[in-house]
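A.B. asks: Return atomic coordinates for the entry below.
(4 chains)
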Protein chains: 2
Amino acid sequence: MSLALSAPRELSRSDQKKAAIIEAATQVFLRDGYGRANMDSIAQVAGVSKQTIYHHFGNKSDLFGAIIRSKCDQLLEPLEMPSEPAMELDEALASVARQFIDIMLAPSSLALHRVLMGEVQRFPELGRMSYQIGPVRIVATLAAYLRDQGAAGRLDLPDAEFAAEQFYAMLTGHLQLRALLGVDADPSREQIERIVKHAVDTTLKIYAPR
Amino acid sequence: MSLALSAPRELSRSDQKKAAIIEAATQVFLRDGYGRANMDSIAQVAGVSKQTIYHHFGNKSDLFGAIIRSKCDQLLEPLEMPSEPAMELDEALASVARQFIDIMLAPSSLALHRVLMGEVQRFPELGRMSYQIGPVRIVATLAAYLRDQGAAGRLDLPDAEFAAEQFYAMLTGHLQLRALLGVDADPSREQIERIVKHAVDTTLKIYAPR
DNA sequence: GTCTATAGATCGATAGAC
DNA sequence: GTCTATCGATCTATAGAC
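C.D. replies: I've put the predicted structure just below:
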């Protein structure tokens, strides 16, 4: 009776376990770091046996690579530039700036960076990958927006890519370093707004059309 | 004969070994990270037995704290602001900026940050300490200089501390993140000069006296 | 494919001689 | 104070039953 029904709409038992392992491993690796994370904890959190993990992922470092990849994909999903021309330039930049800051101060984003930075020597390609998926995509998106504004005559930019990088740097600067070192991990809305306003004002002033 | 001579001018055998342990532990911890560093390697590099380490430092985490403290002290030693009034404002800022960048991209500085960020959960006070000794001191030194320039009428700053933080952020932004993630760890002189010039020009333009 | 049980290796810390 | 030798805990990875 229920034989044919379950085929297309559900993951197989095996794929369910695989997903559970990725979720559990993400949690444990980001909480404990690569070195202190152990396969027994991951198996316990995932509700599977250790051998099931080894069957699906081979070994600890491959499992680590898999969860970093999945986390990177997931973190940058909701990145959107304002496309409505109705929005004023300064409000559009401020809105993007708030988005960047929220992403970069999200607990899982901080945990990802912390874990990754401790392991760049061992997994150089993971550091490069997360940079490509994170900052590079953010800067490219912003640069494209700035270029459009330049073409429309609202800005005078010699190098949109560089301007985007510097905009990003002004936002990220102290907030991210502080958070990564565990100092003032939860800045107030006022602090954030001040930094956003400064970055937007500075960018508009420097690249104002003559 | 040589009995009284050696007293004041040399460290005792014990202190020599202690210094050797700190040097070896710094090297091993910064290279391998806290988790993968092991006491046997440290003992071997220092040329002492493991028990000698335990006698001087109690346990692994206390040894780690000791070497982080010593490294922090040592890294920020050569920080100087230009005090000669002969130097032009833009050249002075550029010279400080180059100093900051050199410090922050120094291999041992990067290694320190990487190791520390991976361990903030376990050693929260070490993250805070390194932030106080590093960025806070840098920003305070720069803010004092900017305040002087403001008092002399060469700048119009509502908040020297904030201006210093933003100057620092513009320098540190992408270079540090990239280096920490192992992407482009050795930027060219041209790249650095471009970032320095942009940070100096921006600061001077924004805070130009009316 | 999934489980239990365990091999094999590493490492922090200590005991005890000198 | 410093050494050698070793314990005991922990963890990755695998063997073998179902």
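
A.B. asks: Next, the contact list for the residue nearest the centre of chain A, please.
C.D. replies: Central residue of chain A (CA atoms, centre = their mean): residue A:75, 4.0 Å from the mean position. The contact partners of residue A:75, by CB atoms under 8 Å, 6 or more residues apart in numbering or on different chains, come to A:103, A:106, A:108-109, A:112, A:133-134. To be clear about C-beta, it is placed using only N, CA and C from the backbone, and glycine gets the same treatment.

A.B. asks: Report all helices and strands that the lengthiest helix in chain A contacts.
C.D. replies: Looking across chain A with DSSP state H, the single longest helix is helix A:13-36. Helix A:13-36 sits against helix A:39-46, helix A:50-57, helix A:60-75, helix A:107-117, helix B:13-36, with contacts defined as 3 or more CB pairs under 8 Å, 6 or more residues apart in numbering or on different chains; DSSP states H and E.

A.B. asks: Out of those helices, which gets nearest to DNA strand C?
C.D. replies: Nearest to DNA strand C among the helices and strands packed on helix A:13-36 is helix A:50-57; the distance by CB to the nearest atom of the strand comes to 2.9 Å.

A.B. asks: For residue A:121, give me the pLDDT.
C.D. replies: pLDDT for residue A:121: 90.

A.B. asks: where's the residue lying closest to residue A:81 once chain neighbours are set aside relative to residue A:101, distance?
C.D. replies: Of all residues not flanking residue A:81 in the chain, residue A:145 sits nearest, at 4.9 Å (CB to CB, 6 or more residues apart in numbering or on different chains). From residue A:145 across to residue A:101, the span is 17 Å (CB to CB, to the nearest Å).

A.B. asks: Then residue A:20?
C.D. replies: Counting by CB to CB - residue A:20 and residue A:101 are separated by 32 Å.

A.B. asks: Looking at the two, which one has more neighbours?
C.D. replies: Using other CB atoms under 10 Å in any protein chain shown as the criterion, residue A:20 and residue A:101 rank with residue A:101 on top: 19 against 15.

A.B. asks: what's the more buried one sitting at in phi/psi?
C.D. replies: phi -60, psi -40 (degrees, to the nearest 10).

A.B. asks: what separates it from chain B, distance-wise?
C.D. replies: Applying CB to the nearest CB, to the nearest Å, the value for residue A:101 to chain B is 13 Å.

A.B. asks: need the contact list for that residue.
C.D. replies: Residue A:101 neighbours (CB under 8 Å, 6+ apart): A:171-172, A:175, A:192, A:195-196.

A.B. asks: Where do the domain boundaries of chain A fall?
C.D. replies: Per the record, chain A has its domains at A:11-68, A:76-206, by automatic domain parsing.

A.B. asks: Start and end of the longest one, how far apart?
C.D. replies: Okay, so that is domain A:76-206. This stretch, domain A:76-206, spans 29 Å end to end (CA to CA, to the nearest Å).

A.B. asks: can you give me how far it is from the chain middle?
C.D. replies: Centre-to-centre, domain A:76-206 and its host chain are 11 Å apart (CA atoms, centre = their mean, to the nearest Å).

A.B. asks: Just the element for the residue nearest to residue A:81, please.
C.D. replies: According to DSSP states H and E, residue A:145 maps onto helix A:137-151.

A.B. asks: what comes into contact with that helix?
C.D. replies: A:76, A:79, A:81-82, A:89, A:92, A:96, A:100, A:103, A:155-157, A:160-161, A:163-165, A:167-168, A:207.

A.B. asks: Any quick ChimeraX command for the buried ones out of the contacts of residue A:101?
C.D. replies: Only the buried entries of those go into this ChimeraX selection, using 16 or more other CB atoms under 10 Å in any protein chain shown:
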select /A:171,172,175,192,195,196
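
A.B. asks: need the contacts of residue A:101 in CSV with distance to DNA strand C, pLDDT and secondary structure, can you?
C.D. replies: Below are the contacts of residue A:101 laid out as CSV (distance: CB to the nearest atom of the strand, whole Å; pLDDT from 0 to 100; DSSP: H, G, I helix; E, B strand; the rest coil):
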residue, distance to DNA strand C, pLDDT, secondary structure
A:171, 38, 95, helix
A:172, 34, 91, helix
A:175, 34, 93, helix
A:192, 40, 96, helix
A:195, 40, 96, helix
A:196, 44, 97, helix
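
A.B. asks: No further queries at this time; thank you.
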